[in-house]
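Colleague: Structure here, sequence nowhere to be found:
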């Protein structure tokens, strides 16, 4: 008897989870009825929206006053790793003039 009740509760919880997933997925369409671009990128769905590809470059970081040198870059000789002032962000740029390599 107890095993039968446990099995019923397990099936019910699976049904509730499936219903919740379906309900959650119902909000994943845009106003024009297409799926967002992430569904095409991750799952390969052809009905998802597409985002145009743009060529470009990420701008090179510029050392600003207050940035500190952490050390030399292991992968780029002659370049140093800096910590941006007031944050924990790090970036690689040319070593400062007179830095001992």
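Modeller: In hand now; what should we look at? Computed from a predicted structure; not experimentally measured. Residues are numbered from 1 along each chain as shown.

Colleague: Confirm residue 80 sits in a strand?
Modeller: Yes: Residue 80 sits within a strand when classified using DSSP: H, G, I helix; E, B strand; the rest coil.

Colleague: Which pLDDT value goes with the residue nearest to it when sequence neighbours are not counted?
Modeller: Once flanking residues are discounted, residue 80 sits nearest to residue 95: 4.1 Å by CB to CB, 6 or more residues apart in numbering. Every residue, glycine included, has its C-beta placed from N, CA and C. In this prediction, residue 95 carries a pLDDT score of 93.

Colleague: Let the chain start at 795 from now.
Modeller: Got it, first residue is 795 now, which makes that one residue 889.

Colleague: show me the contacts for residue 889.
Modeller: Residue 889 makes contact with 863, 866, 872-874, 895 under the criterion CB atoms under 8 Å, 6 or more residues apart in numbering.

Colleague: Among the residues you listed, list the two that are farthest apart in space.
Modeller: 863 and 872 (13.1 Å; CB to CB).

Colleague: okay, these two: which has more neighbours?
Modeller: A count of neighbours by other CB atoms under 10 Å puts residue 863 above the other of residue 863 and residue 872, at 14 against 10.
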